[in-house]
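In: Sequence first, then the predicted structure, then my questions.
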Amino acid sequence: MKIHWPVLVALVAGGFASLAAAIDDAPTAARARDLGVPFAFGAPGRGNAITDVAGVAVGHATLTEGTSVRTGLTAILPRGRGEEATRPCFGAVFALNGNGEMTGTAWVRESGLVEGPIVLTNTNSVGVVRDAVIQYAARRWPPKPDGDWTFWSLPIVAETWDGTLNDIYDPHVRPEHLTAALDTAASGPVAEGNVGGGTGMICYGFKGGIGTASRVVARERGGYTVGVLVQANHGRRHQLLVAGVPVGEEIREGAAPGDEMGSILIVVATDAPLLPHQLERLARRAALGLARTGAVAGNGSGDLFLAFSTANRQAGDSEGLAALTMLPNDRMDALFEATVGATEEAIVNALVAARTMTGFRGRTVMALPHDRLREILQRHGRLATPAR
C-alpha cells in the first residue's frame, strides 16, 4: 500500500504509526480546461477550487489496498485548521432527491449554522466518521475552563455508495483516517478524481470521484468568490453532457453495469455575506449546474447539497448583539450564475481527473477517455483553446 510520506511523518509524530491507508493530497495533472472544455458563467478563481474562498481548507484520506479496498474520506474545514476552526458559519442545506444521508442537517436547518468540519465518505462509514469527528473535537478543541464546549457535537457527515469497486461491508474507514484528513487539510490546490471520499465512486458510468471549481464575481457585482466541491457518484452513461454535447451517447462502450444507484454531494462555499435563507437559495442553484451535465436526480440518487458563507464572523456568537451584513436579494443573481457554473465544472473536473480503476471482485470502471472527449467536442464545434 502506498503512503504519502509527509502525512506518514505527521501521523507518526501524532501517534498513528500503524495507519493502514493511502493518503493522496497531491493535485491532479489534468483538468477539464486543460483539455479545451469550455465553461460558462464567468472566470474561475486563482486555483479554480473551493479553496479560492479564503480560509477554506480541504484534506483527503485515500484508502487503496489489494483489490477490495477502494474508499476514503474528504474533509472540508470552512474556516481552516487554525484558531477559527470552530467558529460557526451561516449555512443551509437542500435535498434535490433524498435517497442518501447527511448527518447534522436538522440543526443546520434549525440554527442556520454550520459548525466544524464537513466530511464526505462512503455510505457504510457515516457512523464511524461521525463518531471520529466528535473524538477529534474532544482532543483538538477541549472544553474551556468554565466548562463551555467550543464544538457542538452534531457533525456534518455525508455519503455516497462505493460498493461496486469497494468491499463496502468491510469497515475500512477508521478514526485515524479522519484525523489524518483533518490534520493535513490545507488551502491551495485540491486533489481530484480517485481521492478521499471519491476513491471508489462512479459517475455517468465512468470513473468519478472528487471535483472542484470556483468563480469570481466581477468587481462591479461585488467581487465575491464562490467555490464548489463535489463527490460525484451519479448518473447513467447516456445522460452525460459535456459543454452541452451528448458525450455519453457517443461513448457507449465500457459503461459500469446496472441502473443508477449513485448519488452526488455538492458543497458550495462563498465569502459573500449571505444569511441562511439566502444560502439555501444558493444551494438550490447547484441543482442547475448538476442538470447541465445531464443528471435527472433519479429515484435511487441521493442529491444532497450544502452551502456556507465565511462572512459574518459573529454568526455563532452567543452573547450580546451580533453585527451582521447581508447582500440584498436583488444582488444575488451573479452568485447564482457562479454556483451553476462552478458546479458544472467541478463535476466535469471529477470525470477528467479520475483514472480507470479495478477493484472489488475484479470489477473495472473505465475513466473518461481524454482523446475521445476532445474529438467529440471538436466535431461539435465546442472545443476551446486549452488552458495554460
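Out: Arrived safely, thanks for sending.
In: Going by neighbour count, list what's buried in the longest helix seen in the chain.
Out: Here the longest helix in the chain is taken by residue count, with DSSP state H as the criterion, and it is helix 333-353. By 16 or more other CB atoms under 10 Å, the buried positions in helix 333-353 come out as 334-353. The way it works is simple: take the backbone N, C-alpha and C, and place the C-beta from them, glycine included.
In: mean confidence for it?
Out: Mean pLDDT, helix 333-353: 98.
In: Stretch 375-388 too?
Out: 92.
In: which residues are in contact with that stretch?
Out: Here stretch 375-388 makes contact (CB atoms under 8 Å, 6 or more residues apart in numbering) with 31, 33-38, 242-245, 247, 250-251, 374.
In: Name the next helix or strand downstream of the helix or strand of the chain with the lowest mean pLDDT, please.
Out: The weakest-scoring helix or strand in the chain, judged by mean pLDDT, DSSP states H and E, is helix 5-13 (a mean of 40). Following helix 5-13 in sequence order, the next helix or strand is strand 57-65 (DSSP states H and E).
In: Give me the helices and strands touching that next one, please.
Out: Other elements packing on strand 57-65 under the criterion 3 or more CB pairs under 8 Å, 6 or more residues apart in numbering; DSSP states H and E are strand 69-77, helix 175-183.
In: mind listing what the first one pairs with, with the direction of each?
Out: The sheet places strand 69-77 alongside strand 57-65 (antiparallel), strand 118-122 (antiparallel), with pairing taken from DSSP bridges.
In: winner for burial among those strands?
Out: By mean neighbour count, with neighbours taken as mean count of other CB atoms under 10 Å, strand 118-122 ranks first of the strands paired with strand 69-77 at a mean of 29.
In: How far away from the center of its chain is it?
Out: 8 Å (CA atoms, centre = their mean, to the nearest Å).
In: after it comes which helix or strand?
Out: Next helix or strand after strand 118-122 toward the C-terminus (DSSP H and E): helix 126-140.
In: Give me the residues contacting the helix or strand just after that next one.
Out: As assigned by DSSP H and E, the chain's next helix or strand after helix 126-140 is strand 156-160. The contact list for strand 156-160, computed with CB under 8 Å, 6+ apart, reads 100-105, 108, 114, 116-123, 125-126, 129-130, 133, 197, 201, 231, 233-234, 262-265, 302, 304, 306.
In: pLDDT on strand 156-160, on average?
Out: 98.
In: Tell me which residues of that strand come out buried.
Out: 156-160.
In: Looking at these, spot the one nearest residue 317.
Out: residue 156 (20.3 Å; CB to CB).
In: So what pairs up with the closest residue to residue 114 other than its chain neighbours in the strands?
Out: Nearest-residue entry for residue 114: residue 91, 3.3 Å, with adjacent residues in sequence omitted and distances by CB to CB, 6 or more residues apart in numbering. Beta bridges link residue 91 to residue 308, judged by DSSP bridges.
In: For residue 222, see how far away residue 91 is.
Out: Plainly put, residue 91 is 19 Å away from residue 222 if you go by CB to CB, to the nearest Å.
In: The helices and strands packed on strand 57-65: which one's closest to residue 218?
Out: Minimum separation from residue 218 across the helices and strands packed on strand 57-65 (CB to CB) falls at strand 69-77, 26.1 Å.
In: Which pLDDT value belongs to residue 3?
Out: On pLDDT, residue 3 comes in at 38.
In: Revised request: answer the last question for residue 143.
Out: 76.
In: Share the number of residues neighbouring it, please.
Out: 11 (other CB atoms under 10 Å).
In: and the contacts of strand 156-160, which are buried?
Out: 100-105, 108, 114, 116-123, 125-126, 129-130, 133, 197, 201, 231, 233-234, 262-265, 302, 304, 306.
In: quick one: low-confidence ranges for the stretch 51-200 of the chain?
Out: 146-152 (pLDDT under 70).
In: May I have the longest helix of the chain exported as PDB, CA atoms only?
Out: C-alpha atoms of helix 333-353 as PDB (Å, rounded to 0.1, in the frame of the first residue of the first chain):
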ATOM      1  CA  ASP A 333     -28.000  36.800  -9.500                       C
ATOM      2  CA  ALA A 334     -24.300  36.900 -10.000                       C
ATOM      3  CA  LEU A 335     -23.800  34.400  -7.200                       C
ATOM      4  CA  PHE A 336     -26.500  32.100  -8.700                       C
ATOM      5  CA  GLU A 337     -24.600  32.100 -12.100                       C
ATOM      6  CA  ALA A 338     -21.300  31.500 -10.300                       C
ATOM      7  CA  THR A 339     -22.800  28.500  -8.400                       C
ATOM      8  CA  VAL A 340     -24.300  26.900 -11.500                       C
ATOM      9  CA  GLY A 341     -21.000  27.400 -13.500                       C
ATOM     10  CA  ALA A 342     -18.700  26.100 -10.700                       C
ATOM     11  CA  THR A 343     -20.900  23.100 -10.000                       C
ATOM     12  CA  GLU A 344     -20.900  22.000 -13.700                       C
ATOM     13  CA  GLU A 345     -17.200  22.400 -14.000                       C
ATOM     14  CA  ALA A 346     -16.500  20.600 -10.700                       C
ATOM     15  CA  ILE A 347     -18.400  17.600 -12.000                       C
ATOM     16  CA  VAL A 348     -16.500  17.500 -15.300                       C
ATOM     17  CA  ASN A 349     -13.200  18.000 -13.400                       C
ATOM     18  CA  ALA A 350     -14.000  14.900 -11.300                       C
ATOM     19  CA  LEU A 351     -14.500  12.900 -14.500                       C
ATOM     20  CA  VAL A 352     -11.400  14.200 -16.200                       C
ATOM     21  CA  ALA A 353      -9.200  13.700 -13.200                       C
END
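In: got a list of what the closest residue to residue 60 other than its chain neighbours touches?
Out: The shortest distance from residue 60 to any non-neighbouring residue, by CB to CB, 6+ apart, is to residue 196 (3.2 Å). Taking CB under 8 Å, 6+ apart, we find residue 196 in contact with 59-62, 72-75, 120, 181, 209-210.
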